[in-house]
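**Q** Here's my sequence, what's the structure:
(one chain, ligands or ions: 1)
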Amino acid sequence: MNDETNAAASEAATLSDWGNVAAGDVMDRLVSLCKRRGFVFQSSEIYGGVGSTWDYGPLGVEMKRAIRDFWWESMVRRDDIEGLDAAILMHPRVWEASGHVAGFTDPLVDCRNCKHRFRADALAGADDPYCPRCGSRDLSEARQFNLMFKTFMGPVEEDASVVYLRPETAQGIYVNFLNVLNASRQKIPFGIAQIGKAFRNEITPGNFIFRTREFEQMEMQYFVKPGEDREWLGKWLDIRRAWYGELGIRADKLRVHEHDRDELAHYAAAAFDIQYEFPFGWQELEGVHDRTDFDLGRHEEHSGKKLSYFDEESKERYVPFIVETSAGVDRTLLMCLVDGFREEGEGKDARTVLRLAPRIAPIKLAIFPLVRRDGMPELAGEIYRGLGRRWNAFFDDGGSIGRRYRRQDEAGTPFCVTVDGESVTERTVTVRDRDSMEQVRVGVDRLEDWLAERIDP
Ligand code: GAP
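**A** All right, here's what the predicted structure looks like:
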């Protein structure tokens, strides 16, 4: 190797998937960027924060909405899927029927020395377990701990009024199966989709918004004829895998993991995880499950109501099988931030950038008058007011153009529009692309169409 290739090789070795930042530092950098730029704040921060809940700031809330909208458009704007928004609080017997009261548990062990509590699988030392915190071997037997949050409905705090915060949105769909079927006149196969909050009293939350106690799910339950479930499981896995590609996620960071028998949840006959390689390892983004007739069967049994379907074509009556796709909004958002995050360049060319797909970027375009005179602020203002009706746009006339670009790179804004002297005479502007940093001149009259092709493809 000559010196030049040597230098190139050593540079490649020091660059990570995130540019100048080592994998181990990515999460810290991202958490601080999220706070600084208003993506995500710690909940109740002025009181010292509360365990593993987070608040979405002005940029985070825009991005979260865009992720939900993209999922809804992909999943519900189809002839065979209907939307639903069920209540978080449900009849407590729902959770007996679903198996969550008896089975939604983690085994917990107490350390009698340091008084900390751990999931049994988090103990150190396989054959001779000890406390991962203080090293003591004085541990309690494992006890099952239910992950559902309990509260009381009405003014009396007694056992009869216990209700749960739902740990998954899916059950709201199952108990409405007949309502939606009758109201929509769908025929099997068809699906019901919803987006909403779910709550789990996780023992080991962490990794920022990856595992939290309050989170949001995007779930779709697809009702099929018994025997056709495996075919639909494969089809939905392909559709959902492709969705992450459309979000612009790097293909080599996505993979599918099939559950072994001993990994399967209590309701599943077969299950796949779509996983992403986070800086803290490969982790689940979404589950795609064959839930058979478990859920409708159990709700029939516990409610005494028939939840079967009469197939007009085959003249058969059956309890449909269910194929589920279950993704997390917060986890998808974290993946997009992690996947797009880079610290690039050296010295005065150094920048932090979020390469977010334009469709989910919180600010779609920024508009800069080059200087505050000669008609530039007026034209920039006219463009801002026009395009701002369609997209979340940002007007910035402060500081050098370079600094204005850097501020937008860090927020993930895909396009920056600069109004200069020529813009006023020729009615053309410069559009700068966040990722390539290339600039092209576009006519003011064509600008909306030019952007639309790239933002709403
Ligand atoms: N209805 C099936 C179900 O809830 P799950 O695998 O337990 O399946 C589905 O959860 C998805 O919900 C996960 O892939 C993840 O994206 C999200 N999720 C689950 N628990 C979470 C938590 N504690 N924090 C954030 N997201 C979570």
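**Q** who in the protein is up against the ligand?
**A** Taking CB under 6 Å from any ligand atom as the contact definition, the chain meets the ligand at 168, 170, 200, 202, 211-212, 215, 217, 219, 284-287, 324, 326-328, 330-331. C-beta: built from backbone N, CA, C; applies to glycine.
**Q** Now do Glu277 against Trp243, distance only.
**A** As judged by CB to CB, to the nearest Å, Glu277 and Trp243 stand 17 Å apart.
**Q** Please apply the same query to His257.
**A** For His257 relative to Trp243 (CB to CB), the value is 17 Å.
**Q** Buried residues of the helix or strand hosting His299, list them for me.
**A** For His299, the host element (DSSP states H and E) is helix 294-303. Of all the residues in helix 294-303, those buried under the rule 16 or more other CB atoms under 10 Å are 294-296, 298-300.
**Q** do stretch 115-122 as well
**A** 118, 120.
**Q** sorry, back to before: now, the residues of the chain next to the ligand that are in strands?
**A** Per DSSP state E, strands hold the following members of these: 215, 217, 219, 284-287, 324, 326-328.
**Q** Please enumerate the strands of the stretch 301-450 of the chain.
**A** In the stretch 301-450 of the chain, the segments counted as strands under DSSP state E, counting those that start in this stretch are 309-311, 316-318, 321-328, 341-344, 351-354, 365-369, 393-395, 415-419, 428-433, 439-443.
**Q** Now mean neighbour count and mean pLDDT too, for those, in CSV please.
**A** Output for the strands of the stretch 301-450 of the chain, formatted as CSV (neighbours: other CB atoms under 10 Å; pLDDT from 0 to 100):
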stretch, mean neighbour count, mean pLDDT
strand 309-311, 14, 96
strand 316-318, 13, 97
strand 321-328, 24, 98
strand 341-344, 20, 96
strand 351-354, 22, 97
strand 365-369, 25, 98
strand 393-395, 18, 98
strand 415-419, 24, 98
strand 428-433, 19, 98
strand 439-443, 13, 98
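**Q** quick one, phi psi at whichever residue of the stretch 1-150 of the chain sits closest to the ligand?
**A** Going by CB to the nearest ligand atom, the ligand is nearest to Ser52 of the stretch 1-150 of the chain, at 8.3 Å. Dihedral angles phi and psi of Ser52 (degrees, to the nearest 10) take the values phi 60, psi 40.
**Q** repeat for Gly51
**A** According to degrees, to the nearest 10, Gly51 has phi -50, psi 110.
**Q** just the one 4 residues further on next, same as before
**A** Asp55 adopts backbone torsions of phi -110, psi 140, taken as degrees, to the nearest 10.
**Q** wait, isn't it in contact with Phe41?
**A** Yes - with contact defined as CB atoms under 8 Å, Asp55 and Phe41 form a contacting pair (4.7 Å).
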